[in-house]
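Trainee: based on what follows, work out the 3D shape:
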Amino acid sequence: MSPRFGESAQTMSLVGFSAVATITLLLCVMTGPDRDDLDEFYTGYGSLSPLRNGLAIAGDYISAATVLGTGGVIALFGHDGIVLALSTALSLMLLMFLLAEPLRNAGRFTMGDALARRMPGGRAVRVTASVITLAALLPLMLVQLAGTGQLMGFILGFSGESLQTGCIVGVGALMISYAAIGGMKGTALIQILKIVLLLGSGLVVAALILRRFGWDPGALFDAAAANSGTGDAFLTSGLQFAGGASPGIDMISSHLTVVLGGACLPHVTMRMYTASSAPQVRRSMSWAVSGVALFVLVITVVGFGATALLGRAAITEADPRGNTAYLLGSRAVFGAEVSTAETVLFTTVTTAIFLTVLASVAGMILACANSLAHDVFAARVRAMSPRHEMLLARLSAVAVGVPAILLATLVQHHSLHPLITLSFCLGASAIAPALVYSLFWRRSTRTGLLATLIGGTLCVLVLMPGTNLVSGSPVAAFPDADFNWFPFTTTGLLSIPVGFLCGWLGTVASGRARAEEQRRQYEAVEGWILAGAVRRRP
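Mentor: Residues are numbered from 1 along each chain as shown. Predicted coordinates for the structure are as follows:
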């Protein structure tokens, strides 16, 4: 079957994209803060119910990179893709059980609030946290913005570079508008709409795929293995990393990075501050984990369905990394003749993917803008008015979004998988250790916290250029070069221990007197952080 889509599907997809862009922009205008109230802009007053907040968290967590990238790994590598999807769900569960409530209690608007809670005058911590926020989220923004032009070209049937660049610029402008106008509440509504469309259309497609195989998952898996070109290896561990020097260790490193880094990224943790109480954040996370777990099932069925119905060759022909496998599987289930109802369903799938790109990057821009305005600029002025801080937040959204759009147009034709990995490595190696130390270790000092953030980040930046994602393989960012000296796909195996070690060494180097002082300061707020007895304001 050809991986190209019919003219009717392309026309309806274009109409769907236009309708979604218009409706979501109107939602942002209608629900955005109409007063100079920081709580309304940053947290939406915590007015969302646990169900809606949970759907918004799941929407922020499931990015376009997750839908397309993980779907591609499942379609091309079978068992290893399922493990990756499960690691993604496990990461959110780790956030739920370990960090969600302390984060909500310790923070107010940003990750800088949570990290500086126990350190009066900790402007250095806030500024460093803001820099790490930008460093972790900008690569993800570039990946999704750059992929927008190629994705829309693939769906709508055009390949001109100018048209793809125009798509990137137009979609990027929409994302900046969502963040600057809608604030937390406006972007939350877009995330809710996105996750409902994504799960609803995905469940229908998954059901249709299972029906094609007599509702027997075993038959689906066997057909996928037969069409994968790898036989039984498709259903066993190790296929994804088979070409590496140490496949088993590489797999452990990759999944450890996803588990520790995925849910610690700032655009996800900022949703913890929108819950009005500890019980609400628990219920919200329960809904979020349920939604992500359901999507793992959907993407597994659709990914295997793409391989079973089309074969590995057709998937790699459309995209060597399989990023279009989710769309191809959704189209292939209808067969050669597509009815009007099936065309509408496929349009819903493509619209959900388009909305996923819009919502994901809007949430990341908002997280970066909030951090810049609140942790960098407002922290310099003791009595900055809410009007000025909100204006700074909106200007920061533009200041973050415009360079991201320009960079995305420059890198749109390169392999961007290293950028996705970079974001997750920074989350696992710098942000996760910093949150653990700040929220749970009584003796942790400001020096130790800065050492964790800076040391973990530098370790990732030093190791990442030497991985096999950057050079030394046909699908690397620089396939014609070979400066691969770190023989793994991710840096997590080394950079995660380095991040924790730097925090410990920094605390020890601060001296016993400083550690005791920090311990007393932590004990003064321990009840607020761990039990949420009082929502203390800075």
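
Trainee: just the pLDDT for residue 94.
Mentor: pLDDT recorded at residue 94 is 88.

Trainee: ditto for residue 77
Mentor: 92.

Trainee: how much space is there between the nearest residue to it once chain neighbours are set aside and residue 229?
Mentor: By the measure of C-beta to C-beta, 6 or more residues apart in numbering, the closest residue to residue 77 outside its immediate chain neighbours is residue 240, 4.2 Å from it. The way it works is simple: take the backbone N, C-alpha and C, and place the C-beta from them, glycine included. The gap separating residue 240 from residue 229 is 14 Å, by C-beta to C-beta, to the nearest Å.

Trainee: of those two, which one has the most company?
Mentor: residue 240 (21 against 14; other C-beta atoms under 10 Å).

Trainee: that one touches residue 81, doesn't it?
Mentor: Yes - using C-beta atoms under 8 Å, residue 240 is in contact with residue 81, at 7.4 Å.

Trainee: give me the residue ranges of this structure where confidence is low.
Mentor: Low-confidence segments of the chain, defined by pLDDT under 70: 1-6, 34-37, 44-47, 118-122, 244, 381-383, 527-528, 531-538.

Trainee: strands along that one, start to end?
Mentor: Using DSSP state E, no strands are found in the chain.

Trainee: could you tell me which residues touch both of residue 240 and residue 81?
Mentor: residue 73 (C-beta atoms under 8 Å, 6 or more residues apart in numbering).

Trainee: re earlier: list the contacts of the residue nearest to residue 77.
Mentor: 73, 76, 77, 80, 81, 251.

Trainee: and if you look at residue 9?
Mentor: Applying C-beta under 8 Å, 6+ apart, the residues contacting residue 9 are 331, 338, 343, 346, 347, 350.

Trainee: in the residues you listed, find the pair that's most separated.
Mentor: Maximum pairwise distance among the contacts of residue 9 (C-beta to C-beta): 13.3 Å, between 338 and 350.

Trainee: out of these two, which sits in the busier spot?
Mentor: residue 350 (26 against 16).

Trainee: residue 11 is in contact with that one, correct?
Mentor: No - at 11.5 Å, residue 350 does not count as touching residue 11 under the criterion of C-beta under 8 Å.

Trainee: now the helices for the stretch 151-300 of the chain?
Mentor: 161-177, 183-212, 217-227, 247-261, 266-269, 278-310 (DSSP state H, counting those that start in this stretch).

Trainee: who wins for proximity to residue 409 among the ones you listed?
Mentor: helix 161-177 (5.0 Å).

Trainee: neighbours of residue 248, how many?
Mentor: Around residue 248 there are 11 residues (other C-beta under 10 Å).

Trainee: the one 3 residues further on too?
Mentor: By the criterion of other C-beta under 10 Å, residue 251 has 20 neighbours.

Trainee: one step back: and the residue nearest to residue 77, how far is that from residue 517?
Mentor: The separation that residue 240 has from residue 517, given C-beta to C-beta, amounts to 48 Å.

Trainee: PyMOL command to pick out the buried ones of the contacts of residue 240?
Mentor: Those of the contacts of residue 240 that count as buried under 16 or more other C-beta atoms under 10 Å are selected in PyMOL with:
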select buried, resi 73+76+77+80+81+251
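
Trainee: need the contacts of residue 240 in TSV with distance to residue 423, can you?
Mentor: Below are the contacts of residue 240 laid out as TSV (distance: C-beta to C-beta, whole Å):
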residue	distance to residue 423
73	16
76	21
77	21
80	20
81	19
251	19
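
Trainee: for the contacts of residue 240, work out which two are farthest apart.
Mentor: Between any two of the contacts of residue 240 (C-beta to C-beta), the greatest distance is 15.0 Å, for 76 and 251.

Trainee: residue 241 is in contact with residue 255, isn't it?
Mentor: No - contact criterion C-beta under 8 Å: residue 241 and residue 255 do not qualify, at 10.6 Å.

Trainee: excluding chain neighbours, what is closest to residue 24?
Mentor: Using C-beta to C-beta, 6+ apart, the closest residue to residue 24 is residue 190 (5.1 Å).

Trainee: which residues does that neighbour contact?
Mentor: Neighbours of residue 190 in contact, by C-beta under 8 Å, 6+ apart: 24, 27, 28, 59, 178, 182, 355, 358, 359, 362.

Trainee: ok, the fourth one - contacts?
Mentor: Applying C-beta under 8 Å, 6+ apart, one finds that residue 59 lies in contact with 190, 191, 192, 194, 195, 359, 363.

Trainee: what do you get if the cut-off is 6 Å, keeping everything else the same?
Mentor: Counting by C-beta atoms under 6 Å, 6 or more residues apart in numbering, residue 59 touches 191, 194, 195, 359.

Trainee: just among those residues, which is most surrounded?
Mentor: Going by other C-beta under 10 Å, residue 194 tops the contacts of residue 59 with 31 neighbours.

Trainee: test my guess that it contacts residue 355.
Mentor: Yes - the criterion here is C-beta atoms under 6 Å, and residue 194 meets it with residue 355 at 4.5 Å.

Trainee: the residue nearest to residue 24 and residue 124, how far apart?
Mentor: 34 Å.

Trainee: now do residue 229
Mentor: 54 Å.

Trainee: try residue 496
Mentor: 23 Å.

Trainee: nearest residue to residue 42 in space, ignoring adjacent ones along the chain?
Mentor: Residue 42's closest residue in space is residue 109 (C-beta to C-beta, 6+ apart), at 4.1 Å.

Trainee: do residue 75 as well
Mentor: residue 325 (3.6 Å).

Trainee: on that earlier part again, turn the contacts of residue 59 into a markdown table, including distance to residue 292.
Mentor: Converted to a markdown table, these look like this (distance: C-beta to C-beta, whole Å):
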| residue | distance to residue 292 |
| --- | --- |
| 191 | 13 |
| 194 | 13 |
| 195 | 9 |
| 359 | 15 |
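
Trainee: among those, which two are most distant?
Mentor: Across those (C-beta to C-beta), the longest gap, 8.5 Å, separates 195 and 359.

Trainee: the residue lying closest to residue 486 once chain neighbours are set aside and residue 250, how far apart?
Mentor: Nearest-residue entry for residue 486: residue 466, 3.7 Å, with adjacent residues in sequence omitted and distances by C-beta to C-beta, 6+ apart. Using C-beta to C-beta, residue 466 is found at 14 Å from residue 250.

Trainee: got it, and residue 92?
Mentor: 23 Å.

Trainee: likewise for residue 317?
Mentor: Residue 317 is 27 Å from residue 250, by C-beta to C-beta.

Trainee: residue 400 now?
Mentor: Residue 400 is 33 Å from residue 250, by C-beta to C-beta.

Trainee: check residue 288 too.
Mentor: Distance from residue 288 to residue 250, by C-beta to C-beta: 29 Å.

Trainee: so between the two, which is more surrounded?
Mentor: residue 288 (30 against 23).

Trainee: isn't the more buried one up against residue 58?
Mentor: Yes - between residue 288 and residue 58 a contact is recorded at 4.4 Å, counting by C-beta under 6 Å.

Trainee: shared neighbours of those two, anything?
Mentor: With C-beta under 6 Å, 6+ apart, residue 288 and residue 58 have no common neighbours.
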